[in-house]
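*Asks:* When you get a sec, could you give me coordinates for this:
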Amino acid sequence: MREQILKLPFLFGVGGAVYYSIEIICRGFSHWTMFVLGGLCFVIIGLLDKALRTTCSYPQLMILSSLIITALELVTGIIVNKWLGLQIWDYSGQPFNFMGQICLLFSVVWFFLSYIAILLDNFLRCWFFHEERPTIHLPFK
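*Replies:* Numbering: from 1, shown residues only. Reported below is the predicted structural model:
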C-alpha cells in the first residue's frame, strides 16, 4: 500500500529531475517550473502507456504524448512567460511557433523523447514497484 502512495510522487520527481537536467545540459540553465512541468509530463506519459498499451502502438502513444506535452508547455508558457513575465523561454525565432511558447521543432523533439520516457517509466515501475517486467519494442518496425 505504501508503495502505491509513493509511486506517483516518485515518478514525478524522477521526471522533473530528468527534464530539469536536460535543460541544464542543453541550455545551461533552467527554472523550478520546468521541474514541475517535466514531472507532470512524465507521470501523464506513464499513465497513458498503462491505460493504452494494449490498444495503441508506440508511434500512436508517442504522438499523443507529444501533443499533451506541447499543450502543457503552451499552458505553462502562457502562465510563467506571459502572465508572470519570467521569460524562461521564447521560441519566437523558431519557425512554426505559436505565441513564442511552443513550436513545431520541439513538438518533434517531444515525440522522440516520449519513447525514452515510456521505457524509463516502465523500468522504474518494475524496479521500484514490482510491476511487470517491461519488454522493449522498437517504435518503428
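*Asks:* Low-confidence stretches in this structure?
*Replies:* The chain contains residues with pLDDT under 70 at 1, 141.
*Asks:* Quick check: end-to-end length of stretch 98-110?
*Replies:* End-to-end distance for stretch 98-110: 16 Å, by Cα to Cα, to the nearest Å.
*Asks:* For that stretch, buried residues please.
*Replies:* Neighbour counts over stretch 98-110 (16 or more other Cβ atoms under 10 Å) mark 100, 101, 102, 103, 106, 107, 110 as buried. (Glycine included, C-beta is placed from N, CA and C.)
*Asks:* from the middle of its chain, how far away would the helix or strand harbouring residue 120 be?
*Replies:* Taking DSSP states H and E as the definition, residue 120 sits inside helix 104-129. Remark: helix 104-129 is offset 7 Å from the chain centroid, using Cα atoms, centre = their mean, to the nearest Å.
*Asks:* hang on, the earlier thing: closest one of the buried residues of stretch 98-110 to residue 65?
*Replies:* Comparing the buried residues of stretch 98-110 against residue 65 with Cβ to Cβ picks out residue 110 as the nearest, at 6.9 Å.
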